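[1] Have a look; sequence and predicted model below, questions after that.
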There are 2 protein chains.
Amino acid sequence: MAKKTIKDIAEIANVSYATVSRALNDKYGVKEATRRRVLEVANDLQYSPNAIARGLKSRRTYTLGLVIPDISNPFFPEVARGVEEEASERGYSVLLGNTDWNITREEQYLSLFAERRVDGIIISPMAASASQLQRSERLGRLPVVFLANAPKDTRRPYVIIDNRRGGYLATSHLLLQGYDRVAFVGAREGSVTVDQRLEGYRTAITERGARYDDALVCLGDFRERSGYEAARELLAGRQCPDAIFAENDLLAIGVMHAVRERGLRVPQDVAVVGFDDIPLAAFPEIDLTTIAQPKEEMGRTAARLLIEAAQAQVMLQPELIVRGTSRRINNETPRETVGREL
Amino acid sequence: MAKKTIKDIAEIANVSYATVSRALNDKYGVKEATRRRVLEVANDLQYSPNAIARGLKSRRTYTLGLVIPDISNPFFPEVARGVEEEASERGYSVLLGNTDWNITREEQYLSLFAERRVDGIIISPMAASASQLQRSERLGRLPVVFLANAPKDTRRPYVIIDNRRGGYLATSHLLLQGYDRVAFVGAREGSVTVDQRLEGYRTAITERGARYDDALVCLGDFRERSGYEAARELLAGRQCPDAIFAENDLLAIGVMHAVRERGLRVPQDVAVVGFDDIPLAAFPEIDLTTIAQPKEEMGRTAARLLIEAAQAQVMLQPELIVRGTSRRINNETPRETVGREL
DNA sequence: GCGATTTTTGTAAACGTTTGCTAAAATGTA
DNA sequence: TACATTTTAGCAAACGTTTACAAAAATCGC
């Protein structure tokens, strides 16, 4: 009773198993009566088509591989959700690959998924460097879509947001609020993403006539801790900033902790803007001004591109979301009175 | 060049493809020289074994299905991570199924994964009711491990924490701090989990000699909003509580918002305890006392059980994590002065 | 060197589908 | 009714592996 196959059905329904296959797949050319009979038998038998056999024969698995650095980083669940939704709506399943920010595991997953004969791979590479690109080429014919982070000159499809513009929006916003010593805190990693956000920051700075200062740019890694440390350093430095643009929300939260720990107020003394708009950012207790990436939509789009085998390179628009950490309140002058803050 | 098979290798290496298979799989009985030659050819050809074909023949796919309600709910990424890690360490891949709290999708995923011939399924069912149990039986021989939430009288393996004890710990903690009108806020859903936590709450209440009061138990759903509304209701009621135990952290955060919105202080006027210890809870801005579930470990354990085909029913221990939302500070008397709170 | 062992290799049959081709049945036409 | 045409059904060959079983080759004892 366990493993019913198309042949068992055929036997009971008194047809050849080829006919069963056709009936089950709604193929043209099987008499209505026959189809019904087959379907009924299949149902009685609790038949469950073997997707593996089907995949072997048809060379399509209706499976996508999703390779991300860390599902427990709040950015990725949203993305994964988008991918999963789009995929499942179109009859695809998603294999999850967590690389834990480990380049070797990233490579392993690429070949593992290739062995599993996924129909395509969505990857949010941890470092979109040249070597990365090279590796991706090794995948040969396997369709790949880059997500959120794409190698510099790849010809493969990707779905990213306009990171330059995002950096520009964040920085301009701060400058327009009257802050004029805006620092940048980011991950290093040789990440294209970071570079682009920094570029946007730079453009805004010079365009708005502020002076660009290397001492105001502080790089580390992508974790909260790093933001905290960067901010401590910046605040202790001679070029003490009055606003900090952190290139992701986790960093920004670290930054805020450092600021408050120093007895300074956000945003009166130091404004903070993040990037990504992770769910956390919207909590009243955090209330972080940030640049939103349409995470779920990005995931969906990537899945769609892959499934439709489209070659498009999609760049979505970031959105500035102004919250409490960057709103100048009634022209309050910063830094005169150093408040004791909760 | 694209699709190299074992036969291509065989041809070049001048052996039968059976030998190639054996060489590639390190099977006993192939001469060292032959093995090396085969391996070399395989390498030259960039051979990628076809896991689909292998799966068809061997009837094992080395794939696990993970069915969860919502990957973007902060509880699940941690769990998923645990599952993924354990699985990948043991050579298994994970298919992700997001049900979006939709019972139909849950069922669909079960049969979909069955069709894909996964070697087993880890499911965190949204409602662990009797019908749930029934459905699970329909899966027949497919190994299933319940995760975090298990049907009441199932004989299948599961990995959960002791929810009664968790509820008990949370409530006792509040009572011991001197709060004596402790309310319970939870999701309804006929969830076994909620029932058990409520049971623990009850036990603590009666055991500590406080009076159990139906008016202090408020059920809704599992989202923050619901916690907010429940708390509003409780605070407006005649039996106004001085502490609220919310059966998950999201609810607890909703509760805190309601409390503060009313101009009451946490924890001086109303203490709050949550459940789950989602990453959010640890942020200084939230600083929520809560009952921790070892989420990642639970995921790992579930994967391990599945892979080892163990029949164990594992109950892990919850841990009380005391943070700011429930710490009585210097005997401060509650509710005398209603502070204006940020 | 020769048979007896033991080790290595090859042959062929699965695994459960899909699908091109062909045969059979049904239908239409006259 | 007979023939042409159109539908339906069956046969058999894949898809790329693994694995009994049998054959061939290598090794051994003497």
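    All right, it came through fine.
[2] separation between the residue nearest to A:Q177 when sequence neighbours are not counted and A:V322?
    Nearest non-adjacent residue to A:Q177, counting by Cβ to Cβ, 6 or more residues apart in numbering or on different chains: A:R328, 4.9 Å away. (Glycine included, C-beta is placed from N, CA and C.) According to Cβ to Cβ, to the nearest Å, A:R328 and A:V322 sit 11 Å apart.
[3] between these two, who's got more neighbours?
    A:R328 (16 against 12; other Cβ atoms under 10 Å in any protein chain shown).
[4] Please, where are all the helices along chain A?
    For chain A, the helices defined by DSSP state H cover A:6-13, A:17-24, A:32-44, A:51-58, A:75-89, A:103-115, A:130-138, A:163-176, A:192-207, A:224-236, A:249-261, A:295-308.
[5] How about exporting the longest one as CSV, limited to the C-alpha atoms?
    Which is helix A:192-207. Coordinates of each C-alpha in helix A:192-207 appear next as CSV, following Å, rounded to 0.1, in the frame of the first residue of the first chain:
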residue,chain,number,x,y,z
VAL,A,192,29.8,46.3,-3.9
THR,A,193,26.7,47.3,-2.0
VAL,A,194,28.7,49.1,0.7
ASP,A,195,30.7,50.9,-1.9
GLN,A,196,27.7,52.1,-3.7
ARG,A,197,26.0,53.4,-0.6
LEU,A,198,29.2,55.1,0.3
GLU,A,199,29.3,56.6,-3.2
GLY,A,200,25.8,58.0,-2.7
TYR,A,201,26.9,59.4,0.6
ARG,A,202,29.8,61.1,-1.0
THR,A,203,27.8,62.6,-3.8
ALA,A,204,25.3,64.0,-1.4
ILE,A,205,28.0,65.5,0.8
THR,A,206,29.8,67.3,-2.0
GLU,A,207,26.6,68.2,-3.9
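[6] just checking, what packs against that helix?
    Packing partners of helix A:192-207 (3 or more Cβ pairs under 8 Å, 6 or more residues apart in numbering or on different chains; DSSP states H and E): helix A:163-176, strand A:182-187.
[7] Dump those to JSON lines, plus distance to chain B, mean pLDDT and mean neighbour count.
    Listed next are those as JSON lines, based on distance: least, Cβ to the nearest Cβ, whole Å; pLDDT from 0 to 100; neighbours: other Cβ atoms under 10 Å in any protein chain shown:
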{"stretch": "helix A:163-176", "distance to chain B": "21", "mean pLDDT": "97", "mean neighbour count": "23"}
{"stretch": "strand A:182-187", "distance to chain B": "18", "mean pLDDT": "95", "mean neighbour count": "27"}
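[8] closest to B:E84 out of these?
    Closest to B:E84 of those, according to Cβ to Cβ: strand A:182-187, at 23.1 Å.
[9] now do the same end-to-end measure for stretch A:254-270.
    Using Cα to Cα, to the nearest Å, the end-to-end distance of stretch A:254-270 comes out at 13 Å.
[10] Buried ones in that stretch, by neighbour count?
    Buried residues in stretch A:254-270, counted by 16 or more other Cβ atoms under 10 Å in any protein chain shown: A:254-260, A:262, A:264-270.
[11] what's the answer for stretch A:14-29, then?
    Within stretch A:14-29, the residues scored as buried using 16+ other Cβ under 10 Å are A:15, A:19-24.
[12] Would you mind giving these as JSON lines with pLDDT and distance to A:R36 added?
    Shown next, in JSON lines, are the buried residues of stretch A:14-29 (pLDDT from 0 to 100; distance: Cβ to Cβ, whole Å):
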{"residue": "A:V15", "pLDDT": "93", "distance to A:R36": "12"}
{"residue": "A:T19", "pLDDT": "95", "distance to A:R36": "13"}
{"residue": "A:V20", "pLDDT": "96", "distance to A:R36": "13"}
{"residue": "A:S21", "pLDDT": "96", "distance to A:R36": "16"}
{"residue": "A:R22", "pLDDT": "95", "distance to A:R36": "13"}
{"residue": "A:A23", "pLDDT": "95", "distance to A:R36": "9"}
{"residue": "A:L24", "pLDDT": "95", "distance to A:R36": "12"}
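[13] and DNA strand D, which of those contact it?
    Applying Cβ under 7 Å from any atom of the strand to the buried residues of stretch A:14-29, one finds that A:15, A:19 fall near DNA strand D.
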